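[1] predicted coordinates and the sequence they were generated for:
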Amino acid sequence: MVHNPELQSLQAKVNAADSGIRQAGLWPNPSLQVGVDQIPTNDSNIGDGRKFIGVAEPIELGGKRAARIGIAQERKNIAELDYEARLSELV
């Protein structure tokens, strides 16, 4: 059973689901924002371009991170149950 390709595939799914739990627990990445504002001057409609650079960090509210982790945990539970079911069938 150690060399059974179907069991190896199901074990790989369990490992991937475990990695999904770790990924779900991470905070979102910040993003870089670059832009130009057109500010009208006295008699001109074109104006001068003011350049800006900023960093944006998403703030998650409402338990979104905990919900992501919970979903990832359930996916791992399903993968483990699939593995155990197939192992039982083979035994």
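    Happy to help now that I have it. Numbers count the residues shown, from 1 in each chain.
[2] could I get the average pLDDT for the lengthiest helix in the chain?
    Looking across the chain with DSSP state H, the single longest helix is helix 64-90. Helix 64-90 shows a mean pLDDT of 95.
[3] does anything pack onto that helix? Which helices or strands?
    The contact analysis (3 or more C-beta pairs under 8 Å, 6 or more residues apart in numbering; DSSP states H and E) places helix 64-90 against helix 5-24. In this view, the C-beta of every residue, glycine as well, is placed from N, C-alpha and C.
[4] angle of the helix it packs on against helix 64-90?
    170 degrees (axes from the mean of the first three to the mean of the last three C-alpha atoms, to 10 degrees).
[5] identify each buried residue in helix 5-24, please.
    Going by neighbour count (16 or more other C-beta atoms under 10 Å), the buried part of helix 5-24 is 10, 13-14, 17-18, 20-21, 24.
[6] now what about stretch 12-22, what contacts it?
    Here stretch 12-22 makes contact (C-beta atoms under 8 Å, 6 or more residues apart in numbering) with 69, 72-73, 75-76, 78-80, 82-83.
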